[in-house]
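Participant: Curious how this folds, go ahead:
(one chain, ligands or ions: 1)
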Amino acid sequence: MDIINRDALAIAELIRKREISAVAVTTAFLERIRDVETTVNAYINVACDEAVRRAERIDGMLAEGRDPGPFAGVPIAVKDLLSTRGFTTTCGSRMLENFVPVYDATVVERVDGAGMVMLGKANMDEFAMGSSTENSYFGPTRNPWDPDTVPGGSSGGSAAAVSAGEAPWALGSDTGGSIRQPASLCGIVGMKPTYGLVSRYGLVAFASSLDQVGPMARTVPDCAALLGVIAGNDPMDSTSIPVEKVDYTGSLDGEVRGLKVGVVKEISSRGIDEGVLERFQAAVSNLEGLGMEVEEITLPSFEYALSAYYVIAPAEASSNLARFDGVRYGFRASAEGEDIWEMYDRTRSMGFGNEVKRRIMLGTYALSAGYYDAYYAQAQKVRTLIVRDFERAYRTCDVLVSPTSPSVAFRLGEKVDDPLTMYLSDMCTIPVNLAGIPAISLPCGLSDGMPVGFQVMGPALGEATVLNVAYALEGAIGFDERPPLSTSK
Ligand code: GLN
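Facilitator: Sure, this is the predicted structure:
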């Protein structure tokens with residue numbers, strides 16, 4: 001059975017019916033990982049023994065007629081900034097190379113409670129700062145569609161693992177596009193939920209007012225199912241929204257006739273590559289074919305979103321990352337004959353990579369007494385304008401759409417020394433984070449053999465509608481290409 005090419009819901013069903021054992025599924029994925037990891041490098045640490053032991057327990061429970069959960073035995077990759085009790089959590093950083101948490105993130109607890117088997121921790125840009133996964137201390141991840149290109153970032157390991165058949169689905173995190181942009185570049189589906197819908201407890205903080213955990217999978221129904229597992233109130237996260245559980249899978253009926261779609265002009269024309277625009281426009285025609293009413297909409301504040309994000313996110317990061325000082329967590333530079341200040345200095349100089357240092361400096365500057373009003377306060381005002389622009393748009397539109405990324409996957413090394421160009425690859429995804437609303441990226445075709453992503457955005461807590469539109473569009477597009485990755489490389 002070609003298990004590694006099945007979607008997660010199909011695998012769950014096969015295990016439930018006892019047509020295949022959880023151990024056989026886990027072993028098949030571990031073998032695939034062994035075959036392709038030298039090329040892809042999607043994982044920082046693979047949980048080989050732990051995964052097999054867990055799958056054995058699940059099989060045991062099934063044999064005894066006990067219920068190990070709705071997704072019993074379905075493997076999952078977990079981005080390496082989610083705390084896993086007893087298993088290394090590095091955040092892609094030298095600083096946490098050997099850090100073993102003493103508790104599980106709430107989302108990790110929830111996927112565990114649903115019976116899933118964690119295959120390992122997925123590679124990422126250091127502390128989730130980046131758009132290419134080249135900022136990982138553990139080496140870049142490569143795009144399974146073309147190993148000379150990047151998988152996007154910062155959840156590039158999660159996206160590449162799903163795309164290459166090294167996991168049927170994965171958890172990522174999205175602060176400025178880190179789920180959607182890699183999903184787009186790797187030809188998979190990825191969703192950033194409404195801020196506060198999914199618990200951040202045990203997610204190592206980058207920019208706390210923007211960070212959200214979300215699902216990455218090969219299909220929209222898989223994404224909906226995984227969101228259903230991880231969403232929901234958590235008293236351990238003070239920003240968690242107290243909402244009732246929603247059955248996202250149950251609301252996928254593909255009935256979208258009459259819904260109003262706004263094509264956001266500011267992020268769907270200027271600065272977008274031609275090949276991406278072509279695929280995007282074809283998908284917009286698909287929406288019309290499904291009976292949706294499409295109109296162009298302009299949201300003027302979006303022009304300033306990128307600049308505002310690159311003040312707010314580094315400001316929050318500079319504060320969040322102050323805790324990595326060589327005393328409480330992870331790496332410490334040897335301190336013989338030095339005072340504590342020198343120890344802090346050397347630890348942070350050696351423990352953090354260049355992009356993280358750049359963000360800490362940017363953020364510290366933006367927050368400093370003399371510049372606070374000029375940068376941080378201004379950026380917060382822009383944020384308010386973006387929230388208002390979205391609110392206005394949702395008075396007339398049910399969903400908004402745009403390309404997910406202005407280009408297909410770029411070559412490794414192409415942008416890594418040019419931070420501004422790298423930051424521009426987030427232009428379509430960032431407004432969503434600043435407003436805290438949900439958005440999904442799904443594949444809408446290929447341009448020069450590389451996947452193009454289509455973004456559907458909805459109002460706060462509008463996940464069910466966003467997923468349903470994506471589901472209808474997925475059916476209309478019929479994208480079923482898989483990366484040509486060979487196992488021999
Ligand atoms: N690429 C963006 C950044 O570097 C977004 C990262 C993210 O969403 N974690 O900040």
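
Participant: Please make it C-alpha for all contacts and neighbour counts, starting now.
Facilitator: Fine.

Participant: How about the residues of the stretch 101-250 of the chain by the ligand?
Facilitator: 128-131, 154, 174-178 (C-alpha under 6 Å from any ligand atom).

Participant: and with 5 Å instead?
Facilitator: Contact residues, the stretch 101-250 of the chain versus the ligand (C-alpha under 5 Å from any ligand atom): 128-131, 174-178.

Participant: give me the number of residues near Gly478?
Facilitator: By other C-alpha atoms under 10 Å, the residues close to Gly478 number 11.

Participant: And Thr487, what's its pLDDT?
Facilitator: pLDDT recorded at Thr487 is 52.

Participant: Show the contacting residues for the spatially most central residue of the chain.
Facilitator: Nearest to the geometric centre of the chain sits Ile179, at 2.2 Å (C-alpha atoms, centre = their mean). Counting by C-alpha atoms under 8 Å, 6 or more residues apart in numbering, Ile179 touches 153-155, 159, 172-173, 190-192, 214, 216.

Participant: Show me the shaky parts of the stretch 201-350 of the chain.
Facilitator: Confidence mapping of the stretch 201-350 of the chain against pLDDT under 70 gives the ranges 335.

Participant: Helices along that one, start to end?
Facilitator: 220-230, 274-289, 305-320, 340-351 (DSSP state H, counting those that start in this stretch).

Participant: any chance of the ones you listed in CSV, plus distance to Ala55 and mean neighbour count?
Facilitator: Shown next, in CSV, are the helices of the stretch 201-350 of the chain (distance: least, C-alpha to C-alpha, whole Å; neighbours: other C-alpha atoms under 10 Å):
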stretch, distance to Ala55, mean neighbour count
helix 220-230, 19, 23
helix 274-289, 40, 18
helix 305-320, 36, 22
helix 340-351, 36, 17
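
Participant: Using a markdown table, lay out these together with distance to Tyr43.
Facilitator: A markdown table is the format used below for these (distance: least, C-alpha to C-alpha, whole Å):
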| stretch | distance to Tyr43 |
| --- | --- |
| helix 220-230 | 20 |
| helix 274-289 | 29 |
| helix 305-320 | 24 |
| helix 340-351 | 20 |
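
Participant: can you pull out the helices in the stretch 51-200 of the chain?
Facilitator: Under DSSP H, counting those that start in this stretch, the stretch 51-200 of the chain gives helices at 106-113, 156-163, 180-186.

Participant: just to revisit the earlier point, which one (most neighbours) among the contacts of Ile179?
Facilitator: Ala159 (44 neighbours).

Participant: Look up how far Phe331 lies from that residue.
Facilitator: 28 Å (C-alpha to C-alpha, to the nearest Å).

Participant: for Gly337, what are its contacts?
Facilitator: Gly337 neighbours (C-alpha under 8 Å, 6+ apart): none.

Participant: Please apply the same query to the one 10 residues further on.
Facilitator: Taking C-alpha under 8 Å, 6+ apart as the contact definition, Thr347 lies against 325-326, 331-333.

Participant: In strands, which of those residues fall?
Facilitator: Counting by DSSP state E, no part of these is found in strands.

Participant: JSON lines please, covering the residues you listed and showing distance to the ligand.
Facilitator: Putting the contacts of Thr347 into JSON lines (distance: C-alpha to the nearest ligand atom, whole Å) gives the following:
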{"residue": "Asp325", "distance to the ligand": "22"}
{"residue": "Gly326", "distance to the ligand": "24"}
{"residue": "Phe331", "distance to the ligand": "22"}
{"residue": "Arg332", "distance to the ligand": "25"}
{"residue": "Ala333", "distance to the ligand": "26"}
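
Participant: Gly275 and Cys444 touch, don't they?
Facilitator: No: counting by C-alpha atoms under 8 Å, Gly275 does not reach Cys444; the two are 11.5 Å apart.

Participant: nearest to Leu434, of the helices of the stretch 51-200 of the chain?
Facilitator: Leu434 sits nearest to helix 180-186 of all these, at 14.7 Å, using C-alpha to C-alpha.

Participant: Restrict that closest one to CA atoms and write it as CSV.
Facilitator: Provided in CSV are the C-alpha atoms of helix 180-186 (Å, rounded to 0.1, in the frame of the first residue of the first chain):
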residue,chain,number,x,y,z
ARG,A,180,1.0,30.2,4.3
GLN,A,181,4.1,31.3,2.4
PRO,A,182,6.0,27.9,2.8
ALA,A,183,2.7,26.1,2.0
SER,A,184,2.5,28.1,-1.2
LEU,A,185,6.1,27.5,-2.2
CYS,A,186,5.8,23.7,-1.5
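
Participant: buried residues in that helix?
Facilitator: By neighbour count on 16 or more other C-alpha atoms under 10 Å, the buried set for helix 180-186 is 180-186.

Participant: Give me the contact list for it.
Facilitator: With C-alpha under 8 Å, 6+ apart, helix 180-186 has contacts from 131-132, 143-145, 151-156, 159-160, 163, 174, 189-192, 216, 404-405, 408-409, 426, 429, 440-443, 450-455.

Participant: residue at max distance from the center of this protein?
Facilitator: Gly337 (43.3 Å).

Participant: if I look at it, how far off is Met343?
Facilitator: As for Gly337, its distance to Met343 is 10 Å (criterion: C-alpha to C-alpha).

Participant: quick one: contacts for Ser208?
Facilitator: Glu316.

Participant: Now do it against the ligand, distance only.
Facilitator: To the ligand, Ser208 is 11 Å away according to C-alpha to the nearest ligand atom, to the nearest Å.

Participant: For that residue, give me phi and psi.
Facilitator: Here is the backbone geometry of Ser208 (degrees, to the nearest 10): phi -60, psi -30.
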